[in-house]
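Chemist: Here you go, sequence then predicted model.
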Amino acid sequence: MPIISLTSDYGTVDHRVACIKGSLLSQNENIKLVDISHDILAYNLQQAAYIIRSSYKSFPSGSIHIICVDSFYHKDRKNILAKVDGHYFLAADNGVLNLIFFDIKPDYVYEITLNKRFDDTINFTATDIFVPAAIHLSNGGVPEVIGRPTLDTKETFFVNASYKASEKMIIGEVMYVDNFGNVISNIHKSLFEKHASNFESFTIKFRNIVLTKIFNQYTDLIPNWEQEQEYHGKSAVIFNDNNLLELTVYKGSLHNGAASLFGMNMGEKIYIEFE
């Protein structure tokens, strides 16, 4: 039985997540359900995309991922099923899948049509559309039974970091802030290494902060572990497990981490200057 994952902006206080799980289990109580996150900020497709892109590859091939972010039903908006990189994704046609897979072409995309009969009433997209579609897929069903192929889907894009040769500078921006207050940029390690190899040194600038070293992981800034506590609150830059440049404060949190201490917000610029 394939795994079905759930990601939403519903939170866990209200009833919605329980309704989705109950609806799935009512149709097959042996389904393996996994929560990715239900703490996505309301309608925040960029946050959802980063979290799902960072996590889906850890699931077995063939897993089914239900994405309920900005997914409330409207008759004029499609709901889609896509197979990408060996996984199935169910989401509203709001651009979130394009954000997740900006560099990977889907095997196929279908508009889900199982709810298109004239007498169908949709009260809740997740339970009335995504759940039956996920159950169909988990039972080995083919997408042609519940949908029709489509090439017309909404496209939304992350802003890419860029290199300005005249200024010897990479210009990126903040694309995500995690639960530790770490500020994650859109500057990929490959872009940095491509240009850093042509210069002797670099400086990373954001707000009024200047740093000149990139660590491999959070704890690398501690030369002597017996003095570890002395480094609480120290700022550093790393390439994270997604190979994206990340500004961090050691042992920081959402309320006293890099984002709050540096006053960094989504979309704010980060610069790497080469010399």
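Modeler: Good, I have the coordinates. Numbers count the residues shown, from 1 in each chain.
Chemist: Ends of stretch 186-201, what's the gap?
Modeler: Taking C-alpha to C-alpha, to the nearest Å, the span from the opening residue of stretch 186-201 to its closing residue is 21 Å.
Chemist: Give me the contact list for it.
Modeler: Under the contact criterion C-beta atoms under 8 Å, 6 or more residues apart in numbering, stretch 186-201 has outside partners 158-161, 163, 168, 170, 172-173, 175, 202, 212, 214, 239, 243-245, 270, 272, 274-275. The way it works is simple: take the backbone N, C-alpha and C, and place the C-beta from them, glycine included.
Chemist: Just the buried ones out of these, please.
Modeler: Listed as buried from the contacts of stretch 186-201 are 161, 163, 170, 172-173, 175, 202, 214, 239, 244-245, 270, 272, 274; burial here means 16 or more other C-beta atoms under 10 Å.
Chemist: and stretch 240-248, average pLDDT?
Modeler: In this model, stretch 240-248 has an average pLDDT of 92.
Chemist: next one: stretch 174-182
Modeler: On average, the pLDDT along stretch 174-182 is 89.
Chemist: Stretch 4-18 too?
Modeler: Predicted confidence along stretch 4-18 averages 96 (mean pLDDT).
Chemist: Could you check it and say which residues are buried?
Modeler: Residues 4-10, 16-17 are the ones in stretch 4-18 that count as buried (16+ other C-beta under 10 Å).
Chemist: Low-confidence bits of the stretch 101-250 of the chain, can you list those?
Modeler: Scanning the stretch 101-250 of the chain for pLDDT under 70 picks out 116-119.
Chemist: Kindly recompute the last result at 80.
Modeler: By pLDDT under 80, the weakly predicted segments of the stretch 101-250 of the chain are 115-121, 157-159, 208.
Chemist: Could you pull out the helices in it for me?
Modeler: With helices called from DSSP state H, counting those that start in this stretch, the stretch 101-250 of the chain shows them at 125, 131-138, 189-196.
Chemist: how about a markdown table for those, with distance to Leu221 and mean neighbour count added?
Modeler: Converted to a markdown table, the helices of the stretch 101-250 of the chain look like this (distance: least, C-beta to C-beta, whole Å; neighbours: other C-beta atoms under 10 Å):
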| stretch | distance to Leu221 | mean neighbour count |
| --- | --- | --- |
| helix 125 | 45 | 22 |
| helix 131-138 | 44 | 22 |
| helix 189-196 | 18 | 15 |
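Chemist: Can I get those in TSV including distance to Tyr218?
Modeler: What follows is the helices of the stretch 101-250 of the chain, written out as TSV (distance: least, C-beta to C-beta, whole Å):
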stretch	distance to Tyr218
helix 125	38
helix 131-138	36
helix 189-196	16
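Chemist: quick one, which of those is nearest to Asp85?
Modeler: Go through the helices of the stretch 101-250 of the chain one by one with C-beta to C-beta and the one that ends up closest to Asp85 is helix 131-138, at 15.5 Å.
Chemist: Can you give me the pLDDT of Tyr271?
Modeler: Confidence per residue is given as pLDDT, and for Tyr271 that number is 95.
Chemist: What is the burial count for it?
Modeler: By other C-beta atoms under 10 Å, 17 other residues sit near Tyr271.
Chemist: Distance of Leu45 relative to Lys154?
Modeler: Distance, Leu45 to Lys154, using C-beta to C-beta, to the nearest Å: 10 Å.
Chemist: again with Asn240
Modeler: The span separating Asn240 from Lys154 equals 28 Å under the rule C-beta to C-beta.
Chemist: Kindly report the same for Gly22.
Modeler: For Gly22, the distance to Lys154 equals 30 Å [C-beta to C-beta].
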